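> sequence and computational prediction follow.
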Amino acid sequence: MFSLNLPAFDAKIVTKDGKRTIFDVIRRRYVALTPEEWVRQHFVHFLLVHKGYQQALMANEVQVQLNGTKKRCDTVLYRRDLTARMIVEYKAPDIEIMQAVFNQITRYNMVLKVDYLVVSNGIQHYCCRMDYENNSYTFLPDIPDYQLL
């Protein structure tokens, strides 16, 4: 798989029916090992191990209803009261992070209204904090530690 700009971790990869799968610690099951999934699993481990995020407050592949269609947020971090706090959108390492990716995550945020939006292709990571009072956002220099959210 691709080398990423994220800390390595002990990925559990197995081949099932001729297809490679990776264990998702959030969903607690093996899932198809695609380039985007490779990024997701690295980023989730980064949040858990290096940023202090709590596994019990994270979910992968969260379905939202948007304009009558069902969409899936890649990862959502929740507060203790189970309201959404952060949306993370992943792309494969060879996909350039462009405006279309931000448009996608912004559409999800129309439903969830989170404090933070994060986009990563495993090489580049972007995080912005939403400011609903001033109808704006600020890009942050790094992904915040959990205790700083």
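Yep, it's here.
> immediately after the helix or strand bottoming out on mean pLDDT in the chain, which helix or strand?
The helix or strand of the chain with the poorest confidence is helix 99-112; it has a mean of 92 (mean pLDDT, DSSP states H and E). The element immediately downstream of helix 99-112 (helix or strand, assigned by DSSP states H and E) is strand 116-120.
> partner strands of that following strand, parallel or antiparallel?
strand 84-90 (parallel), strand 125-131 (antiparallel) (DSSP bridges).
> chain center to the last one: distance?
Chain-centre distance of strand 125-131: 12 Å, with C-alpha atoms, centre = their mean, to the nearest Å.
> just use 484 as the starting number from now, easier for me
Yes, from this point I'll number from 484; that puts the last item at strand 608-614.
> residues contacting the helix or strand just after it, please?
Going down the chain from strand 608-614, the next helix or strand is strand 619-623, by DSSP H and E. Under the contact criterion C-beta atoms under 8 Å, 6 or more residues apart in numbering, strand 619-623 has outside partners Leu600, Tyr609, Cys610, Cys611, Arg612, Met613, Asp614. Yep, even glycine has a C-beta here, placed from its N, CA and C like the rest.
> now do the contacts for the residue most central in space within the chain.
Closest residue to the average C-alpha location of the chain: Val571 at 2.9 Å, with C-alpha atoms, centre = their mean. Val571 makes contact with Phe526, Cys556, Asp557, Thr558, Val559, Leu560, Val601, Val602, Ser603, according to C-beta under 8 Å, 6+ apart.
> give the bridge partners for it, please.
Beta-bridge partners, per DSSP bridges, of Val571: Thr558, Val601.
> please report how far it lies from Lys553.
For Val571, the distance to Lys553 equals 19 Å [C-beta to C-beta, to the nearest Å].
> would you mark the buried spots in the least confident helix or strand of the chain?
Buried positions in helix 582-595, judged by neighbour count with 16 or more other C-beta atoms under 10 Å: Val584, Phe585, Gln587, Ile588, Thr589, Tyr591, Asn592, Leu595.
> could you dump these into JSON lines with distance to Phe622 added?
Below are those laid out as JSON lines (distance: C-beta to C-beta, whole Å):
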{"residue": "Val584", "distance to Phe622": "14"}
{"residue": "Phe585", "distance to Phe622": "11"}
{"residue": "Gln587", "distance to Phe622": "17"}
{"residue": "Ile588", "distance to Phe622": "13"}
{"residue": "Thr589", "distance to Phe622": "14"}
{"residue": "Tyr591", "distance to Phe622": "18"}
{"residue": "Asn592", "distance to Phe622": "15"}
{"residue": "Leu595", "distance to Phe622": "19"}
